[in-house]
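>>> Fold the following and give me the result.
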Amino acid sequence: MNSRNNIQPKVSVITPSYNSERYIGKTIESVINQTYQNWEMIIVDDASSDETVPLINQYKKEDSRIHVIALEENKGAANARNVAIQQSEGRFIAFLDSDDEWMAEKLQKQIQFMLEKDIAFSHTTYWVVDQSNQFLNQSEKIASTTTYKDLLKQNTIGCLTVMLDKEKLGQVQMVDIRARQDYVLWLEITKNGNLAYGINECLAKYREISSSLSSNKWNMAKLNWQVYRDIEKFSLPKSLWYFAHFAVNKTRKYMK
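Reported below is the predicted structural model:
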């Protein structure tokens, strides 16, 4: 691994969990099995009512790099991620939800890519799997670089693939909303002049669960509209212009 100090910088894996006992084991194992080993995994449990926390604790006993913070009140993924980010010690942070998985070389390839290019923000393509871990498809090809204006038209960045360099960006935080908080963070980072660099290799597995917030297409459209109007504070004409791009891009995607 090439870096300025010829050492492997630590990566903090940020994982929110809520009633995740069915999948959290596979998620944790995909981190343990990384070829890149200088990581810590901070799992913030959002007041689960199932056996998620006891299951995480079993892995924690076997691997001291795994940390768990159990919240007493459910406040959503944004708050859970922010709690984990605040506790993180790594130079890099990477996001992985409790029902998703990484390919074994994900961290190694992405760290090397970022160090060689001296960049702050990267992401990759990913596989889409169903609840039985059967492959459905893969995400669309991504651009080598993505700007703020690109993201306003279409969010092509999968949260489970993102890696950020805190040394370059400073402390980051997600806006405390129930959904699309990751999208808002990508907008904030790119608005400040950083590009999102893409790696066109599937290095993660996104689990498609029908009941998830992101699975409802109409709900997703409403959330995007709220981002334009309430977060970015765009005028009505400007919001309509970007929303039209969003709608066309989504329609093209679903018709493929």
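
>>> Contacts for stretch 133-141, please.
With Cβ atoms under 8 Å, 6 or more residues apart in numbering as the test, stretch 133-141 has contacts from 26, 125-130, 156, 158, 200, 202, 205-208, 253. No exception for glycine: its C-beta is placed from N, CA and C like everyone else's.

>>> make it 7 Å
Thr125, Tyr126, Trp127, Val128, Val129, Asp130, Thr156, Gly158, Asn200, Cys202, Glu208, Lys253 (Cβ atoms under 7 Å, 6 or more residues apart in numbering).

>>> So the closest residue to the fifth one other than its chain neighbours, which state does it fall into?
The one in question is Val129. Nearest in space to Val129, with sequence neighbours left out and distances taken as Cβ to Cβ, 6 or more residues apart in numbering, is Lys205 at 5.1 Å. Classification of Lys205 by DSSP: H, G, I helix; E, B strand; the rest coil places it in strand.

>>> Name the spans of the stretch 151-256 of the chain whose pLDDT lies under the cut-off.
210-216, 253-256 (pLDDT under 70).

>>> Try it again at 50.
Within the stretch 151-256 of the chain, the stretches with pLDDT under 50 are 213-214.

>>> mind listing the strands in it by residue range?
Secondary structure of the stretch 151-256 of the chain, counting by DSSP state E, counting those that start in this stretch: strands at 163-165, 196-207.

>>> Determine which stretch of the ones you listed is the most buried.
Greatest average neighbour count among those goes to strand 163-165 (a mean of 24), per mean count of other Cβ atoms under 10 Å.

>>> For Val11, find the nearest of the strands of the stretch 151-256 of the chain.
Nearest to Val11 among the strands of the stretch 151-256 of the chain is strand 163-165; the distance by Cβ to Cβ comes to 7.3 Å.
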